[in-house]
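Peer 1: structure here, sequence nowhere to be found:
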């Protein structure tokens, strides 16, 4: 796998630890948050490594039993870097998980993004109520998340000084959000969500331009992000100077059962 994927996995670990505790098992790490029991990104099994001497069903049962003991549901499995996923995919699909492929994107040059003058970018810390509304609007595609829990979890990230979250406003309407998260020498663009309406392109472009300008001011050279393969944001990222550096897969469970 590429070094960009390694950077993204490192960022995701730090991102998880913003709101989670962790427990290391023999074949992976349980990230868990009893205060956010229905938030998928707070209860997951990461850095999963398969073992030729241990049946996959045994690895699964160990992780499942651990989360059961915490009265939590493990909603995501993420393989470790270099771990082959074909066998894991077949197994987890039978257990009710769905695979999601992500493109790892690395900024390789500074592109030119024209930004509409009517878009304002404001720190989310100054617009907490509007930030909460944006998070609620995003939940249509994630029905397993309890609304209040999801909002509380996302808002709590803003207490981290390495996490700069922004909101895009057009004509006094919030149209999206995006964050720049610094983990060591890595700057990662995260939580990039924009409302689906005619103002989406302007809001997306302005948010991306803003966080990239911040990264440039801070002289951050390792700038990356991940996006679902085939996502419409790929064209915008390419225009901004990002290039794909490979793909990786994670498995998520939509059902609470």
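Peer 2: Received, thanks. What you see is a predicted model; the values in this text were computed from it and never measured.
Peer 1: what is the helix or strand of the chain with the lowest mean pLDDT packed up against?
Peer 2: When each helix and strand of the chain is scored by mean pLDDT, DSSP states H and E, helix 147-156 comes last, with a mean of 86. Counting contacts by 3 or more C-beta pairs under 8 Å, 6 or more residues apart in numbering; DSSP states H and E, helix 147-156 packs against helix 128-138. Using the backbone N, CA and C atoms, a C-beta is placed for each residue, glycine as well.
Peer 1: just the buried residues of the helix it packs on, please?
Peer 2: Under the neighbour-count criterion of 16 or more other C-beta atoms under 10 Å, helix 128-138 has 130, 131, 132, 134, 135, 138 buried.
Peer 1: now the helix or strand just after the least confident helix or strand of the chain and helix 128-138, what's the angle there?
Peer 2: Counting by DSSP states H and E, the next helix or strand C-terminal to helix 147-156 is strand 163-170. With axes from the mean of the first three to the mean of the last three C-alpha atoms, to 10 degrees defining the directions, strand 163-170 sits at 80 degrees from helix 128-138.
Peer 1: quick one: mean pLDDT over strand 163-170.
Peer 2: If you average the pLDDT over strand 163-170, you get 96.
Peer 1: any residues touching that strand, and which ones?
Peer 2: In this structure, residues lying in contact with strand 163-170 by C-beta atoms under 8 Å, 6 or more residues apart in numbering are 18, 118-125, 127, 130-131, 134, 157-158, 174-182, 191, 194, 199, 202-203, 206-207, 210-211, 214.
Peer 1: among those, name the ones in strands.
Peer 2: 119-123, 174-182, 191, 194 (DSSP state E).
Peer 1: give me the buried entries from those residues.
Peer 2: Those of the ones in strands among the contacts of strand 163-170 that meet the buried threshold are 119, 121, 174-182, 191, 194, by 16+ other C-beta under 10 Å.
Peer 1: pLDDT added to these, as TSV?
Peer 2: Listed next are these as TSV, based on pLDDT from 0 to 100:
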residue	pLDDT
119	94
121	96
174	93
175	93
176	94
177	96
178	96
179	97
180	97
181	97
182	96
191	93
194	90
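Peer 1: which one of those is nearest residue 250?
Peer 2: Using C-beta to C-beta, residue 191 comes nearest to residue 250 of those, at 16.3 Å.
Peer 1: next one: the closest one from residue 60, what distance?
Peer 2: Going from residue 191 to residue 60 by C-beta to C-beta, to the nearest Å gives 30 Å.
Peer 1: one more: residue 79?
Peer 2: From residue 79 to residue 60 the distance is 13 Å (C-beta to C-beta).
Peer 1: and these two? which has more neighbours close in?
Peer 2: For residue 79 versus residue 60, neighbours defined as other C-beta atoms under 10 Å are more numerous around residue 79 (23 against 19).
Peer 1: how about the more buried one, phi and psi?
Peer 2: For residue 79, the backbone dihedrals are phi -60, psi 150 (criterion: degrees, to the nearest 10).
Peer 1: circling back: closest one to residue 34 out of the buried ones among the ones in strands among the contacts of strand 163-170, please.
Peer 2: residue 191 (22.7 Å).
Peer 1: close enough to count as contact, the closest one and residue 178?
Peer 2: Yes: applying C-beta atoms under 8 Å, one finds residue 191 in contact with residue 178, separated by 6.4 Å.
Peer 1: which is the next helix or strand following the helix or strand encompassing residue 9?
Peer 2: Per DSSP H and E, residue 9 falls inside helix 3-17. Using DSSP H and E, the helix or strand that follows helix 3-17 towards the C-terminus is strand 21-25.
Peer 1: for that next one, what is the distance to the chain centroid?
Peer 2: Relative to its chain's centre, strand 21-25 lies at 19 Å (C-alpha atoms, centre = their mean, to the nearest Å).
Peer 1: how about stretch 235-251?
Peer 2: The mean C-alpha position of stretch 235-251 is separated from the chain mean by 14 Å, C-alpha atoms, centre = their mean.
Peer 1: in it, what's buried?
Peer 2: So for stretch 235-251, counting by 16+ other C-beta under 10 Å, buried means 236, 237, 240, 241, 242, 244, 245, 248, 249, 250, 251.
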